[in-house]
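Asker: Mind looking at a prediction? Sequence and model below.
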Amino acid sequence: MSVKPTWKFEMGPVGWTDYAADVLQSVPIKVKYGITSGRLDDRVADTGYLTLALDNSASNSVGTAGRYSPGNPAANAALLPGQLCKLTITYAGTAYCKFYGWIDTEGIQVDSGSTGKRRTYVTVKDWMGLPASTELGQIPYADDQRLGDIVASVANAIPGYGGIAESDKGGLSVFAASYDGEANGVKGLSELSRAAISELGYVYPYYRQDTATHRLRAEGRHFRNDVMNDNAPVVTLDNNVLTNAVPVFPSYDSVKVKVTPRRADGDYVTLYSLTSPQFLKAGGTVAVVGRYVDPNNTDVYVTAKYMDAMAGTADYLFNTFSNGQGTNLTANLTVTEQYGANSAYIHLVNAGTVDGYITKLQCRGKGIYREKPLEYVAAYIYSEDERLPPDGTGLYATTDSLYLDMRYQDNIEEASTIADYLFNKINPKVGQVKFSEVTFYPNTTDALMTAFLNADVGSHIRITEDITGESGDDYFINGVAYEITPGSNIIKCTWYVQWDTENTAYWILGVAGRSELGATANPAP
């Protein structure tokens, strides 16, 4: 293989330092990120990982055994959980950031013993590991949210890691309510998944050469259609370069969507109230997280908007006795509230010299309530011959159903249009063979190396494969996995792909060639 790039493994971020000289050549560098399941209901990227091994023996670049053993007096101070790392590949004079993340909490494993392998295994995870493990804090309620708005809010709610979400891929659907989890401790990943499925879009990190880092894309459901209609594919892969292609037969006999209508209070109601008196000593502080509930059924959590500012006596009382009797100390209680979409963070300070009891504490606002969900099913009706074929095989005898819980959709008409559209692409009568993943070696040609470095999750490619009859059909990359063999710098790449489910030119107002309904364009779902 004649095409060979160079690479760097750096730790930083202040004064990025390259440790490629100590990356063991006997252990491949492995990278995997994006959406790799191939399921149509999987819309949010998994946590991505980079793994490699460092030379921890006296044969490393500085001749110091234990250099990569945290806690060893000779250890490199940069190798710690949480440390920023990036993998950069350079080819033809251009550097490409191909992974960016943080050393995992348990991402440093050291082989012990002075005569053993003396290796340190390092695992770096990408940004998607943060919403997967982080409980969301106080995200304020906002009307008319699109997918991009929700993604940006979730990213900004993760301390220290905001500002990476793109706002120009917002999505089509407008959601009246969001962040209405059933209980406290909702993970950021749950919100991203709910929003992505409700839009029928995607959420994933990808790598940008111009920033040498990663970005988080909120991809609306027409983004890929627009890319296909406006741009040529990054590359076409065929029999001459593919070393493996995994075929799938995408066939569902029904597509079911569920939407959740909501209603909102017209007047202010009490959405949180303290259930028992809270003692607070003189000079003491306490923090209360008040989860909003339905005032008519306190077992049901709700979202809220237009929360009222808390006022003494009306919303909180402070007394010397827990039964509310004795001296009224409310003037000594300092209350600061921070309202989120589904709970309030309330900070209370006893600024007086006398101990007391918080005997009343409540939050008032307009609740948003989830009504009974509505479902729509687009289904294939089998004939008796199809259901019970004489030879026991039968092309259409499937039982797979695609189920989409579009949690933030409240419009059954919009959801049913999406279901019908999808069903027309994947019902048993279509009878299509597609691919879920393809593997190739970028080192084979300059064109393949350039495609590997420039393409990423969300990129448009084409695949031609003679045996299955796939003749230049359109795909999008959903996930990426590759291995680098240190020393030879040979790269093996696998792209997890999603066949084009949007090969229709949709109507765009005022754009020639895309605005003639029924001629050059069609109504969009």
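Answerer: Thanks, I have it.
Asker: Please count neighbours and contacts with C-alpha atoms only from this point.
Answerer: Will do.
Asker: which sections of this protein are below the confidence cut-off?
Answerer: 1, 114, 160-169, 181-185, 208-213, 381-399, 428-431, 468-470, 501-525 (pLDDT under 70).
Asker: what's next to the helix ranked longest in it, contact-wise?
Answerer: Counting by DSSP state H, the longest helix found in the chain is helix 412-426. With Cα atoms under 8 Å, 6 or more residues apart in numbering as the test, helix 412-426 has contacts from 250-252, 254-259, 374-379, 406, 409, 430, 501, 525.
Asker: Strands - which of these land there?
Answerer: The strands, defined by DSSP state E, take in 254-259, 374-379, 406 from the contacts of helix 412-426.
Asker: I'd like the residues you listed as JSON lines, with neighbour count and distance to residue 71 appended.
Answerer: JSON lines is the format used below for these (neighbours: other Cα atoms under 10 Å; distance: Cα to Cα, whole Å):
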{"residue": "254", "neighbour count": "24", "distance to residue 71": "57"}
{"residue": "255", "neighbour count": "25", "distance to residue 71": "55"}
{"residue": "256", "neighbour count": "19", "distance to residue 71": "54"}
{"residue": "257", "neighbour count": "24", "distance to residue 71": "53"}
{"residue": "258", "neighbour count": "23", "distance to residue 71": "53"}
{"residue": "259", "neighbour count": "25", "distance to residue 71": "53"}
{"residue": "374", "neighbour count": "13", "distance to residue 71": "57"}
{"residue": "375", "neighbour count": "16", "distance to residue 71": "57"}
{"residue": "376", "neighbour count": "17", "distance to residue 71": "59"}
{"residue": "377", "neighbour count": "17", "distance to residue 71": "59"}
{"residue": "378", "neighbour count": "22", "distance to residue 71": "60"}
{"residue": "379", "neighbour count": "17", "distance to residue 71": "61"}
{"residue": "406", "neighbour count": "24", "distance to residue 71": "49"}
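Asker: Show me where the stretch 351-500 of the chain has its strands.
Answerer: 356-370, 374-379, 401-406, 434-440, 460-465, 470-485, 490-499 (DSSP state E, counting those that start in this stretch).
Asker: now the fourth one, how far from the centre of its chain.
Answerer: Here the centre of strand 434-440 is set off from its chain's centre by 23 Å, with Cα atoms, centre = their mean, to the nearest Å.
Asker: what does the first one give?
Answerer: When distances are taken as Cα atoms, centre = their mean, strand 356-370 is centred 32 Å away from the chain's centroid.
Asker: Partner strands of that strand, with direction?
Answerer: strand 262-264 (antiparallel), strand 269-273 (antiparallel), strand 278-280 (antiparallel), strand 303-305 (antiparallel), strand 316-319 (antiparallel) (DSSP bridges).
Asker: if I pick residue 133, what's in contact with it?
Answerer: 187-189.
Asker: Helices of this protein, residue ranges please.
Answerer: Using DSSP H, the helices of the chain run over 129-133, 147-157, 188-199, 223-230, 384-387, 412-426, 446-454.
Asker: Select, out of the ones you listed, the one closest to residue 242.
Answerer: With Cα to Cα as the criterion, residue 242 lies closest to helix 446-454 of the helices of the chain, at 10.8 Å.
Asker: Can you give me the buried ones in the closest one?
Answerer: Neighbour-count burial for helix 446-454 flags 448-454 (criterion: 16 or more other Cα atoms under 10 Å).
Asker: what helices or strands is that helix leaning on?
Answerer: Using 3 or more Cα pairs under 8 Å, 6 or more residues apart in numbering; DSSP states H and E as the contact test, no helix or strand touches helix 446-454.
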